[in-house]
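Asker: give me the fold of what follows.
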Amino acid sequence: MGVLAVFLVGFMGSGKTTVGRELARRLGWDFIDLDSRLESRERKSIPEIFQQDGESAFRLAETSVLRELTGSLQRSSVVALGGGAFAQPTNRSLVARWPTVFLEASLDELWRRSSEDAVVRPLRRDREQFSRLYEERVPSYRQATITVVTSDKDIPSICREIEGTLSLGEFHSADTGGTGPDSASSGQGGQK
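Answerer: Here you go, the predicted model:
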């Protein structure tokens, strides 16, 4: 059996990192947070990259890290993409061979979640800008393999829905080599 991967996509505050960690744990797979991997490679935080280099440089670096990742997956993995990653056509093509999951929530809930956590999000400024950015990205998110609405659901329920819809329950660590250096990836993720 080959290496399996599931890519979680969605707007800031949608729960990609939280759901991703739990889904990987349940499957016995590695968890990879693309934002954390990018920060490690660049030796800067996401806000620092935005501030010092600008969004265009950030997007180029993000695509580069995703290209490296998709070309070198050694173990079955759940990957949380940054909020803007799947909105880039090149990035969508890089993950096209694997299932993608859009974690959907209402704009009000996303605004609330992203204001309650401690993550610094360079593209979260005011409610109007937040809403415009969400509307720009939603058509890209809707291109994901499946959509899972996360509102009023706990993390285990969301994971069960993903597992059931993608028939992931039959795969576990004994089949896929589930632990490795990325399974403990740290970082907040979802910072854009």
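
Asker: all contacts plus neighbour counts: C-alpha atoms, from now on.
Answerer: Will do.

Asker: lowest-pLDDT helix or strand in the protein?
Answerer: Lowest mean confidence among the helices and strands of the chain (mean pLDDT, DSSP states H and E): helix 173-176, at a mean of 40.

Asker: hey, C-alpha coordinates of the longest helix along the chain in PDB?
Answerer: The residue-count maximum for a helix in the chain (DSSP state H) belongs to helix 55-72. C-alpha atoms of helix 55-72 as PDB (Å, rounded to 0.1, in the frame of the first residue of the first chain):
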ATOM      1  CA  GLU A  55       2.500  38.500   1.100                       C
ATOM      2  CA  SER A  56       3.900  37.700  -2.400                       C
ATOM      3  CA  ALA A  57       7.200  36.400  -1.000                       C
ATOM      4  CA  PHE A  58       5.200  34.500   1.600                       C
ATOM      5  CA  ARG A  59       3.100  32.800  -1.100                       C
ATOM      6  CA  LEU A  60       6.200  31.800  -3.100                       C
ATOM      7  CA  ALA A  61       7.800  30.300   0.000                       C
ATOM      8  CA  GLU A  62       4.500  28.500   0.900                       C
ATOM      9  CA  THR A  63       4.300  26.900  -2.600                       C
ATOM     10  CA  SER A  64       7.900  25.900  -2.400                       C
ATOM     11  CA  VAL A  65       7.400  24.200   1.000                       C
ATOM     12  CA  LEU A  66       4.300  22.500  -0.300                       C
ATOM     13  CA  ARG A  67       6.100  21.300  -3.400                       C
ATOM     14  CA  GLU A  68       8.900  19.800  -1.200                       C
ATOM     15  CA  LEU A  69       6.400  18.100   1.000                       C
ATOM     16  CA  THR A  70       4.300  16.600  -1.700                       C
ATOM     17  CA  GLY A  71       7.400  15.300  -3.500                       C
ATOM     18  CA  SER A  72       8.800  13.700  -0.400                       C
END
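
Asker: show me what that helix is in contact with.
Answerer: Here helix 55-72 makes contact (CA atoms under 8 Å, 6 or more residues apart in numbering) with 34-35, 37-38, 49-50, 85, 90-91, 94-95.

Asker: if we go to 7 Å?
Answerer: 38, 49-50, 91, 94 (CA atoms under 7 Å, 6 or more residues apart in numbering).

Asker: state the mean pLDDT of it.
Answerer: Across helix 55-72, pLDDT averages out at 93.

Asker: which parts of it are buried?
Answerer: 55, 58-59, 61-63, 65-67, 69 (16 or more other CA atoms under 10 Å).

Asker: just send these back as JSON lines, with distance to residue 159 too.
Answerer: Shown next, in JSON lines, are these (distance: CA to CA, whole Å):
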{"residue": "55", "distance to residue 159": "32"}
{"residue": "58", "distance to residue 159": "30"}
{"residue": "59", "distance to residue 159": "29"}
{"residue": "61", "distance to residue 159": "30"}
{"residue": "62", "distance to residue 159": "26"}
{"residue": "63", "distance to residue 159": "27"}
{"residue": "65", "distance to residue 159": "26"}
{"residue": "66", "distance to residue 159": "23"}
{"residue": "67", "distance to residue 159": "26"}
{"residue": "69", "distance to residue 159": "23"}
